[in-house]
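Colleague: For reference, the sequence and a predicted model appear below.
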Amino acid sequence: MCTSKTIVLGLFIATLTASCNVTANPLFPAILIFGDSTADTGNNNYHSQAVFKANHLPYGVDLPGHEANGRFSNGKLISDVIASNLNIKEFVPPFLQPNISDQDIVTGVCFASAGAGYDDRTSLSSKAIPVSQQPTMFKSYIARLKGIVGDKKAMEIINNALVVISAGPNDFILNFYDIPTRRLEYPDIYSYQDFVLKRVDGFVRVMSQNAFVFL
């Protein structure tokens with residue numbers, strides 16, 4: 001089931017990127033990224049408590065300048081690849097970057113934090129920004145976006161933005177297998193999966209409410 005969903009997602013992204021490359025125009029006005037290290041483009045560099053930071057080599061060796069910039073990769077993350085192939089922007093900046101430009105705010109940012117998970121307990125050991133707290137960053141983003149383009153344009157950007165969420169593995173690795181704290185409550189993997197899925201559902205609902213309330 002997971003494999004088939006991955007294939008479908010891959011085909012969906014491939015179709016989007018192919019369509020966009022033909023027209024050379026972005027299909028989305030902005031991209032918004034949430035999740036863990038698979039999507040974190042550098043937020044943990046500016047989150048003092050974070051345990052995991054990609055601020056040293058060999059991270060970033062294939063990026064312009066050949067320097068680590070917070071991405072847990074030798075080059076681009078999937079966040080950047082999607083944004084680049086859809087002609088939105090070449091790199092998706094972390095929202096916590098102090099000198100982030102107005103243009104980057106308008107075209108989208110990343111809220112992900114390496115070591116995060118849908119389960120808040122996951123971040124106890126990694127000191128990451130939990131997925132459940134990333135909507136708080138999203139609120140701040142909306143406020144700044146409104147200050148740049150106005151309420152009406154901000155609503156248009158948010159309503160038409162591409163939202164990418166990549167998280168989940170840390171919940172199982174940190175809470176169920178390596179540090180089996182959740183196994184005391186959920187003795188089998190299936191019951192913990194149900195718990196995580198409920199957290200995912202809650203996250204999506206909170207995101208929808210935030211967008212509605214602030215716009």
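Modeller: Noted; the coordinates are in hand. Numbering: from 1, shown residues only.
Colleague: Which residue ranges of this structure form strands?
Modeller: For the chain, applying DSSP state E gives strands covering 31-35, 162-166.
Colleague: Let me see the contact set for the residue most central in space within the chain.
Modeller: Among the residues of the chain, the one closest to the centroid is Phe34, at 2.2 Å (C-alpha atoms, centre = their mean). By C-beta atoms under 8 Å, 6 or more residues apart in numbering, Phe34 lies in contact with 111-112, 131, 134, 138, 163-167, 203, 207. Just so you know, the C-beta spots here come from the backbone N, C-alpha and C atoms, and that holds for glycine as well.
Colleague: is it in a bridge, and if so with what?
Modeller: Beta-bridge partners for Phe34, by DSSP bridges, are Ile165.
Colleague: circling back: just put the strands of the chain in CSV and tack on distance to Gln97 and mean pLDDT.
Modeller: Formatted as CSV, those follow (distance: least, C-beta to C-beta, whole Å; pLDDT from 0 to 100):
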stretch, distance to Gln97, mean pLDDT
strand 31-35, 13, 97
strand 162-166, 18, 94
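Colleague: Reformat those as a markdown table; add distance to Arg121.
Modeller: What follows is these, written out as a markdown table (distance: least, C-beta to C-beta, whole Å):
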| stretch | distance to Arg121 |
| --- | --- |
| strand 31-35 | 17 |
| strand 162-166 | 19 |
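Colleague: closest to Ile78 out of the ones you listed?
Modeller: Proximity to Ile78 (C-beta to C-beta) singles out strand 162-166 among those, at 7.0 Å.
Colleague: show me what contacts the closest residue to Gly42 other than its chain neighbours?
Modeller: Leaving aside its sequence neighbours, Gly42 sits nearest to Gly70 (C-beta to C-beta, 6 or more residues apart in numbering; 2.6 Å). By C-beta under 8 Å, 6+ apart, the contact set of Gly70 is 40-45, 53-55, 94.
Colleague: Show the pLDDT at Ile13.
Modeller: Predicted confidence (pLDDT) for Ile13: 51.
Colleague: Please apply the same query to Cys2.
Modeller: Per-residue pLDDT puts Cys2 at 42.
Colleague: same deal with Val8?
Modeller: Here, the pLDDT recorded for Val8 equals 36.
Colleague: Against Gln97, how distant is the spatially closest residue to Arg121 that is not a sequence neighbour?
Modeller: Nearest residue to Arg121 in three dimensions, chain neighbours excluded: Asn175, at 5.6 Å (C-beta to C-beta, 6+ apart). The spacing between Asn175 and Gln97, counted by C-beta to C-beta, to the nearest Å, is 29 Å.
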